[in-house]
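**Student:** Got a predicted structure plus its sequence, pasted below:
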Amino acid sequence: MTESEESELFDVADAFLDLANELNKNWPAKRVSAAFSYAAARYSAFDYLVSDDPKDDERDAVEGYCAQYRKALLENLDRLRTELNDGKET
């Protein structure tokens, strides 16, 4: 991924996070998180099915989407844990 593509990815992700924060004013974070996970799965299924030339069979595509999510989740857990613990004595 180029630097420009990565920047665009984070811009889109930030738009989703802004929406999540807005939704969190009316619903609990766990419900918002579950809804975003469901929406991501639904959109990923759509993305796979409408792609002109899927490179992977369906099982491989699902594994790829899951691997991307797992990697992003672990990276964000590490980053947010560090940010939340900054300034706190352990």
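**Tutor:** Structure received.

**Student:** Could you check how many residues crowd around A40?
**Tutor:** A40: 13 surrounding residues under other Cβ atoms under 10 Å. Just so you know, the C-beta spots here come from the backbone N, C-alpha and C atoms, and that holds for glycine as well.

**Student:** let's number from 48 now, not from 1
**Tutor:** Understood, numbering begins at 48; the last thing we discussed is A87.

**Student:** Is it in a helix, a strand, or coil?
**Tutor:** Using DSSP: H, G, I helix; E, B strand; the rest coil, the secondary structure recorded for A87 is helix.

**Student:** ok, the residue nearest to M48 when sequence neighbours are not counted to Y90 distance?
**Tutor:** Ranked by Cβ to Cβ, 6 or more residues apart in numbering and with sequence neighbours excluded, the top spatial neighbour of M48 is L56, at 7.2 Å. The spacing between L56 and Y90, counted by Cβ to Cβ, to the nearest Å, is 14 Å.

**Student:** Equivalent analysis for Y116, please.
**Tutor:** Relative to Y90, and taking Cβ to Cβ, Y116 is found at 12 Å.

**Student:** Would you map out the domains in the chain?
**Tutor:** 48-97, 98-137 (automatic domain parsing).

**Student:** end to end, how far does the longest one reach?
**Tutor:** Spelled out, that is domain 48-97. Using Cα to Cα, to the nearest Å, the gap from the first to the last residue of domain 48-97 comes to 22 Å.
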